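J.: Sequence first, then the predicted structure, then my questions.
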Amino acid sequence: MRSSRAAVDLIIEFEIGSRDQYDAKYKRPEWPGVSSGITVGIGYDLGYNDATTILNDWSNLLEPNVIKAMQRYSGLTGSAASHKLSEARQSILVPWDAGMAVFMKTSLPKFEAITLRACPGSDKLPAGCFGVLTSLSYNRGASYSKEGDRYAEMRQIRKWVATGEWDKVSSAIRNMKRIWANNPKARGLLRRRDAEAKLWDESLHAAGGVSARVDTGDDREPLPSEVTTDDVVPVETETPVNVQVSHAKYSLEVQLIQKALISMKYFEVGEPDGKVGGKFVAGVAAFMTDRGKDPNKGQITDALKNEINAAMTEKLADGTPWSRPIAPARANATAADVAKTVPSVNANFSQKVLAYILGIPAATGGLLKGFFGDKDNPSGYIAPIKEFFAAIPSELYWFAIAAIAVGIFLAAKKAQDSTVKDYQQGKIN
């Protein structure tokens, strides 16, 4: 992923807002208007994707009947899509996790590749500036070479990126607001252009205002549609680019990194809350060290993101997905081994001993009482109480005690086994 965290967050914000907004509004299809098709997930436009692409992008994430319903609206755009929206909302529901998975693993890499192809020289841009172009591509398609007044600013951006005149780009982004100035339904687009221009200036400033003339030899025509998701192989970079991450602010990128590392058994990152802290840094550093890479103090870099992508596609010798290497001594640890260092396991041993002491005699007494009956008559109790309890076979008391003991034993064993498993996997030290 070439785009900065701030740029990815910008795209998410203007496509769906927040998770709460997504759950409230975007789980069902929307029609953004104008020339758009029916849109699902995070800005995934069914109108500009063919049926095969839709199947490939959403398979294993949604039920087959939902994917078939989505395929029905492939190629429908503009008013034709608008007329089918009510129908589509009856049969299509995309949960948050599925929408995010397609956005991060499919949509975003595609549009980054589209941007690289359509805008020569964009590979030299700071990550934030490149992410702004990706946002433009995501919203307006690869229209950097299209003819007509509507695309004048897009052509200017392509030219200035190619010639290294990066300081001029933000003005073109702001100027293109003229296209939607008189459209009351396009206020979101106007705010998006302002946010993109601001992020461009901030990213360029953070990079020292660097501009450089770059090779413009790639004059291939961009994809023809205004919004497109043609299958283009993502281009990756190995140049580390540090991202300034706020320790207080939620970040989608941080949350996805946390989830990816947890899936590979790097539990140090803590709960996947999307925030950077000491646990996150420790988990990132441990992962990079295990992969034989520079841990770089646990910072988010292109090298980290590339390594996570590589690890998640690797297979072990037995065909299972790559996961954290576990030392044999830890992987094969027994309860006795763990009890030496984990107090809860040691305590569970005591519970099990007490359960044996309580349970075995109780069960034995109940069996003996059941076979041989009472030999002595109790005395000294108040008559009604005596009569009530006397009516209950005394062996039941013994069995009740035994049942309690069994419950204690099972609870202790469950807690112990769970703790041992967590230790074996590295969840606890």
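T.: Happy to help now that I have it.

J.: which ones are touching Trp266?
T.: Just so we're on the same page, residue 266 is Tyr rather than Trp. Residues near Tyr266 by Cβ atoms under 8 Å, 6 or more residues apart in numbering: 283, 286-287, 324. Any C-beta I mention is one placed from the backbone N, CA and C, and that applies to glycine too.

J.: Please apply the same query to Ser82.
T.: Contacts of Ser82 (Cβ under 8 Å, 6+ apart): 31, 33.

J.: Now it: which helix or strand?
T.: Ser82 is part of helix 78-91, with elements assigned from DSSP states H and E.

J.: which strands and helices sit next to the helix or strand just after that helix?
T.: Where DSSP H and E defines the elements, the next helix or strand beyond helix 78-91 is helix 96-102. Secondary-structure packing of helix 96-102 (3 or more Cβ pairs under 8 Å, 6 or more residues apart in numbering; DSSP states H and E): helix 51-58.

J.: what about dumping the CA coordinates of stretch 38-48 to CSV?
T.: What follows is stretch 38-48, C-alpha atoms only, in CSV (Å, rounded to 0.1, in the frame of the first residue of the first chain):
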residue,chain,number,x,y,z
ILE,A,38,-25.5,1.0,-7.5
THR,A,39,-22.8,1.1,-4.8
VAL,A,40,-22.1,-1.4,-2.0
GLY,A,41,-19.6,-1.6,0.8
ILE,A,42,-17.1,1.2,0.8
GLY,A,43,-17.7,2.9,-2.5
TYR,A,44,-17.7,-0.3,-4.5
ASP,A,45,-19.6,0.6,-7.7
LEU,A,46,-21.4,-2.4,-9.2
GLY,A,47,-22.1,-0.5,-12.4
TYR,A,48,-18.5,-0.3,-13.3
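
J.: Let me see the mean pLDDT of it.
T.: Taken as a whole, stretch 38-48 has a mean pLDDT of 90.

J.: residues of that stretch that come out buried?
T.: Applying a neighbour-count criterion of 16 or more other Cβ atoms under 10 Å, one finds 38-48 buried in stretch 38-48.

J.: got a list of what the most centrally placed residue in the chain touches?
T.: The centroid of the chain falls nearest to Leu256 when counting by Cα atoms, centre = their mean (3.7 Å). Applying Cβ under 8 Å, 6+ apart, we find Leu256 in contact with 100, 104.

J.: so how far is the helix or strand hosting it off the chain centroid?
T.: Assigned by DSSP H and E, Leu256 belongs to helix 252-263. Remark: helix 252-263 is offset 6 Å from the chain centroid, using Cα atoms, centre = their mean, to the nearest Å.

J.: on that earlier part again, list the ones among the contacts of Tyr266 that fall in helices.
T.: Members of the contacts of Tyr266 lying in helices (criterion: DSSP state H): 283, 286-287.

J.: Going by distance to Arg155, which of the residues you listed wins?
T.: Set against Arg155, the nearest of these by Cβ to Cβ is Phe287 (42.8 Å).

J.: ok, and the closest non-adjacent residue to that closest one?
T.: Leaving out its chain neighbours, the residue that sits closest to Phe287 by Cβ to Cβ, 6 or more residues apart in numbering is Tyr266, at 5.2 Å.

J.: Tell me the spacing between that neighbour and Ala260.
T.: Tyr266 sits 9 Å away from Ala260 when distances are taken as Cβ to Cβ, to the nearest Å.

J.: for Lys177, same thing?
T.: In terms of Cβ to Cβ, Lys177 sits 37 Å off from Ala260.

J.: Next: Lys124.
T.: Counting by Cβ to Cβ - Lys124 and Ala260 are separated by 28 Å.

J.: give me the low-pLDDT residue ranges for the stretch 151-300 of the chain?
T.: 209-250 (pLDDT under 70).

J.: would you list every one of the helices in it?
T.: Ranges of helices within the stretch 151-300 of the chain are 152-163, 169-175, 187-206, 252-263, 278-290, based on DSSP state H, counting those that start in this stretch.

J.: Tell me how many other residues surround Gln71.
T.: When neighbours are counted by other Cβ atoms under 10 Å, Gln71 registers 18.

J.: Pretty sure it sits against Asn56.
T.: No - contact between Gln71 and Asn56 fails when scored by Cβ atoms under 8 Å: they sit 11.3 Å apart.
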